[in-house]
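A.B. asks: Provided below are the primary sequence and the corresponding predicted coordinates.
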Amino acid sequence: MEKKDESCNNFRGTAAFDLSSVFITDELSYSPVQSDLIHVILKDEVEEMISTFNAKVSRLSDGLQVEAQSRGFKVLMDEPVEGGGTDKGMNPVELLLSSYGGCLTILAAMMAPGYQVELEECFAELEGDLDLDEGSEYNGFQEIRVTFHVKSSSPEENVKNLVQGIEAGCPIGNTLRGKVNIKFNDIVFE
């Protein structure tokens with residue numbers, strides 16, 4: 001295989017790729033995501049791409065507030081007053097949209113050099129339609145819409161390929177598309 005762009009050869013920390021679209025080889029070669037969404041990686045790097053992340057979420061004593069903790073960082077979540085909360089933080093669905101936008105924006109910064117895109121500025125705007133009917137078959141987001149803003153002097157085609165790559169490679173987006181099994185391990189009575 002011909003070597004394309006060495007700036008993209010380090011996959012550590014970018015375990016965002018859907019492994020169903022990965023081409024695995026012994027050779028070190030990579031080209032930015034094209035319309036066929038094929039990724040080339042080394043066989044011995046596949047196991048390094050799977051990481052386990054942890055979070056602990058605890059109810060606080062003030063209304064509906066909860067605190068999420070991970071790696072020493074904390075995030076306060078709450079509900080608006082009209083939802084029974086104290087409105088001291090984003091609610092979980094707003095945080096989910098923010099997580100998706102954050103993932104897309106971080107990936108854009110990480111992947112831009114491989115697509116030969118000079119990012120001056122980028123941000124994502126997200127909105128979603130949430131079915132709040134507890135009696136419905138699926139009371140979750142029915143649709144999430146993303147508008148991705150990019151300020152760049154790079155060719156438009158490169159920017160489009162970058163955005164296609166971040167959309168395909170975003171683990172939050174892939175999770176929202178239903179590619180994850182959720183298991184409740186146990187109930188611990190304290």
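C.D. replies: It's in. Numbering: from 1, shown residues only.
A.B. asks: surely residue 158 is within a strand?
C.D. replies: No - assigned with DSSP: H, G, I helix; E, B strand; the rest coil, residue 158 falls outside any strand and is helix.
A.B. asks: what sits against it?
C.D. replies: Listed by CB atoms under 8 Å, 6 or more residues apart in numbering, the contact set of residue 158 reads 115, 116, 117. (C-beta placed from N, C-alpha, C; glycine too.)
A.B. asks: burial measure for the first one, as a count.
C.D. replies: Number of residues near residue 115 (other CB atoms under 10 Å) recorded here: 25.
A.B. asks: now the nearest residue to it once chain neighbours are set aside: how far from residue 108?
C.D. replies: Closest residue in space to residue 115, ignoring its immediate chain neighbours: residue 162 at 4.1 Å, by CB to CB, 6 or more residues apart in numbering. Here the criterion is CB to CB, to the nearest Å. By it, residue 162 lies 6 Å from residue 108.
A.B. asks: quick revisit: the residue nearest to residue 115 and residue 182, how far apart?
C.D. replies: In terms of CB to CB, residue 162 sits 31 Å off from residue 182.
A.B. asks: neighbour count: these two, which is higher?
C.D. replies: Neighbour count, other CB under 10 Å: between residue 162 and residue 182, residue 162 has more, with 27 against 5.
A.B. asks: so where does the more buried one fall, helix or strand?
C.D. replies: Using DSSP states H and E, residue 162 falls within helix 156-169.
A.B. asks: remind me which residues of this protein are low pLDDT?
C.D. replies: 1-48, 179 (pLDDT under 70).
A.B. asks: and the helix ranked longest in the chain, how far out from the chain middle?
C.D. replies: Taking DSSP state H as the criterion, the chain has its longest helix at helix 92-111. Offset of helix 92-111 from its chain centre (CA atoms, centre = their mean, to the nearest Å): 5 Å.
A.B. asks: all the strands of this protein, residue numbers only.
C.D. replies: 22-25, 39-42, 56-59, 66-70, 73-77, 119-130, 141-152 (DSSP state E).
A.B. asks: need the distance between the two termini of stretch 133-148.
C.D. replies: Using CA to CA, to the nearest Å, one end of stretch 133-148 lies 30 Å from the other.
A.B. asks: run a quick neighbour tally on residue 104.
C.D. replies: Residues contacting residue 104 under the criterion other CB under 10 Å number 22.
A.B. asks: next: the one 4 residues further on.
C.D. replies: Applying other CB under 10 Å, we find 23 residues neighbouring residue 108.
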